[in-house]
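**Q** pasted the sequence and its predicted model underneath.
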Amino acid sequence: MIRVPSAPPTLPRPERSPVDPDGGPIVSALELSKAFGRQNASVTALDRVSVGFERGRFTSIMGPSGSGKSTLLHCLAGLERPTSGSVVLDGTDLALLSDGQLTTLRRDRLGFVFQAFNLIPTLTAEENITLSERIGGARVDRQWMAQLVDVLDLGDRLGHRPSELSGGQQQRVAIARALAHRPTVVFADEPTGNLDSHTGADVLGFLRLAVEQFGQTVVMVTHDPAAAAHCHRVVFLRDGRVEGELSNPTPVGILARLAPKGAPA
């Protein structure tokens, strides 16, 4: 179980503060469109989406199945190239980067947490956490890693391989890996989808702690109103377009916004 201490943990700060004093977005999309297929078989997943995500905040993206939420996340993270429009991440226009430059940016400046954990089965938990340096990135600060491991209660699991860990432990390893190199943004796609409600709440509690105590920025896709209620803000998509947003969300408020138009209150 994740131990969230009553007093904020004392952690080393990143060399560059992740908090922008001007309050501008750390990542933004402008007139972003994404279509799959060609001509008559083309399907529009995103339709001229413009939205920004603030530094040092926990934001979720929600919407019905097929609304484009995962596609938006993947475009923001440089995992997919949009059909048109632009994504700017910490001052860098992703459209101007080559595939190799995008790979380097994802390795050095972004963190990822997915529903499937995506741990390398032949590596131990510690080796998975330090994966970024193992594939050519900067060396992970061992003091920072030790603090993450302590808060995530993974100290006695570092020598274990994924097959020897529970689902919740594997996801905590994935979160430690995502944070170990002090990324500009962590992108999470249904990070609690394979977890029971108790373990999922623990994971979401740590992501919120990472934002509020470590200064991290997290953008998460979820279909679960209870998960989204851990966030500072929810952005709603429908039919590939931004339909609205909600600050300081509650599960009841989120459900009301997700209800089909014309449905009884």
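**A** Received the coordinates, thanks.

**Q** shouldn't T130 be in contact with M145?
**A** Yes: judged on C-beta atoms under 8 Å, T130 makes contact with M145 at a distance of 7.1 Å. Any C-beta I mention is one placed from the backbone N, CA and C, and that applies to glycine too.

**Q** list residues touching both of those two?
**A** Any residue near both T130 and M145 by C-beta atoms under 8 Å, 6 or more residues apart in numbering counts here, and that gives A180.

**Q** what are the ranges of the helices in the stretch 1-150 of the chain?
**A** Assigned by DSSP state H, counting those that start in this stretch, the stretch 1-150 of the chain shows helices spanning 69-76, 99-109, 125-129, 131-134, 142-151.

**Q** give me the contacts around the second one.
**A** When contacts are taken as C-beta under 8 Å, 6+ apart, the neighbours of helix 99-109 outside the stretch itself are 77-79, 89-90, 92, 94, 97, 112, 132, 135-138, 181, 183-185.

**Q** got any ranges where this structure has weak pLDDT?
**A** Scanning the chain with the threshold set as pLDDT under 70 gives 1-23, 261-265.

**Q** quick one: the strands in it, in order.
**A** In order along the chain, the chain carries the following strands (DSSP state E): 25-36, 43-54, 58-62, 84-89, 92-93, 110-114, 185-189, 218-221, 233-238, 241-247.

**Q** tell me which residues in the second one are buried?
**A** Within strand 43-54, the residues that qualify as buried by neighbour count (16 or more other C-beta atoms under 10 Å) are 44-47, 49, 51, 53-54.

**Q** that one pairs with which strands?
**A** Strand pairing for strand 43-54, using DSSP bridges, gives strand 25-36 (antiparallel).

**Q** what are the contacting residues of stretch 24-43?
**A** By C-beta under 8 Å, 6+ apart, the surrounding residues in contact with stretch 24-43 are 18, 20, 44-55, 68, 71-72, 75-76, 80, 82-90, 184-185, 217, 219.

**Q** state the distance from V43 to G66.
**A** Taking C-beta to C-beta, to the nearest Å as the measure, V43 falls 9 Å from G66.

**Q** same check, this time on V211
**A** In this structure, V211 and G66 are separated by 29 Å, where distance is defined by C-beta to C-beta.

**Q** same question for V186.
**A** Between V186 and G66 the distance is 25 Å, computed by C-beta to C-beta.

**Q** of those two, who's got more company?
**A** Here V186 and G66 are set side by side on neighbour count (other C-beta atoms under 10 Å), and the busier one is V186, at 23 against 14.

**Q** for the more buried one, give me its contacts.
**A** Shown here is V186, whose contacts under the criterion C-beta under 8 Å, 6+ apart are 110-113, 178-179, 207, 210, 216-219.

**Q** same thing with G253?
**A** L246.

**Q** what residues does stretch 60-69 touch?
**A** Counting contacts by C-beta under 8 Å, 6+ apart, the residues outside stretch 60-69 that touch it are 34, 45-47, 49, 72-73, 219-223, 225, 227-228, 231, 233-241, 243, 249, 254, 258.

**Q** buried among those residues? Make that a ChimeraX selection.
**A** What follows is the ChimeraX syntax selecting those of these that are buried according to 16+ other C-beta under 10 Å:
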select :34,45,46,47,49,72,73,219,220,221,222,223,225,227,228,231,233,234,235,236,237,238,240,241,249,254,258
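
**Q** returning to that earlier point: the contacts of helix 99-109, buried ones only, as a ChimeraX selection?
**A** The ChimeraX selection below is limited to those of these classed as buried (16+ other C-beta under 10 Å):
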select :77,78,79,89,90,92,94,97,112,132,137,181,183,184,185
